[in-house]
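**Student:** Build me a structure from this.
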Amino acid sequence: MRKRKKVLCVCAQGLNRSKYLAGYLRNKEHGYNTRYGGATIEAPNPIHQKDIEWADVIIVVRKRLVPIMKERFHIDSKRKKLIVLNVADSPFALFFENRKLKFSDYFDFQNKYTYPKLRRKIEKYLPL
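**Tutor:** Just a heads-up that it's a prediction; the model follows:
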């Protein structure tokens, strides 16, 4: 039996993108062991050094969070695979990028834009 990879999914707050991605990966064919949380100190669901040490793979959903992660945590890049997806979860972040995007509310935006984009971006790295 093959050992399941341990994957830590990280977003800013640890409430939306990382939680969704952890659930998505947990339910994939390979059934990864997952944890999720926020990179920032003030995150309602923050990650800790023990989460970094636990993980085989760390997936950061926004490029801007990588310097925060490197400042707050020791990440052994020789032993840990780091994947950066760069997926926003705010309609305002995309306003100037594509003014044609129309969403009725925050949850509509997540379901129609954020979650599908997370799935598309992670697929090229699978299996981890």
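
**Student:** use CA for all of it now, contacts and neighbours both
**Tutor:** Will do.

**Student:** ok, then the element right after the lowest-mean-pLDDT helix or strand in the chain?
**Tutor:** Every helix and strand in the chain was compared by mean pLDDT, DSSP states H and E; the lowest is helix 106-109, with a mean of 83. Sequence order places helix 115-123 as the next helix or strand after helix 106-109, per DSSP states H and E.

**Student:** Can you show me the helices along the chain?
**Tutor:** 17-26, 49-54, 66-72, 106-109, 115-123 (DSSP state H).

**Student:** gap between the least confident helix or strand of the chain and the chain center?
**Tutor:** 18 Å (C-alpha atoms, centre = their mean, to the nearest Å).

**Student:** Next: stretch 3-12.
**Tutor:** Going by C-alpha atoms, centre = their mean, where stretch 3-12 is centred and where its chain is centred differ by 8 Å.

**Student:** What's the separation between residue 85 and residue 63?
**Tutor:** Distance from residue 85 to residue 63, counting by C-alpha to C-alpha, to the nearest Å: 7 Å.

**Student:** picking up where we left off before, could you list every helix and strand in contact with the least confident helix or strand of the chain?
**Tutor:** Of the remaining helices and strands, none touches helix 106-109 by 3 or more C-alpha pairs under 8 Å, 6 or more residues apart in numbering; DSSP states H and E.

**Student:** Format the CA atom coordinates belonging to it as CSV.
**Tutor:** This file holds the C-alpha atoms of helix 106-109, laid out as CSV (Å, rounded to 0.1, in the frame of the first residue of the first chain):
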residue,chain,number,x,y,z
TYR,A,106,-19.3,36.6,-2.9
PHE,A,107,-20.5,33.0,-2.8
ASP,A,108,-21.5,33.1,-6.5
PHE,A,109,-17.9,34.4,-7.3
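
**Student:** what about this protein, any weak spots by pLDDT?
**Tutor:** 1-2, 92-104 (pLDDT under 70).

**Student:** since we're on residue 78, how many residues are nearby?
**Tutor:** 7 (other C-alpha atoms under 10 Å).

**Student:** how far away is it from residue 31?
**Tutor:** Residue 78 is 24 Å from residue 31, by C-alpha to C-alpha.
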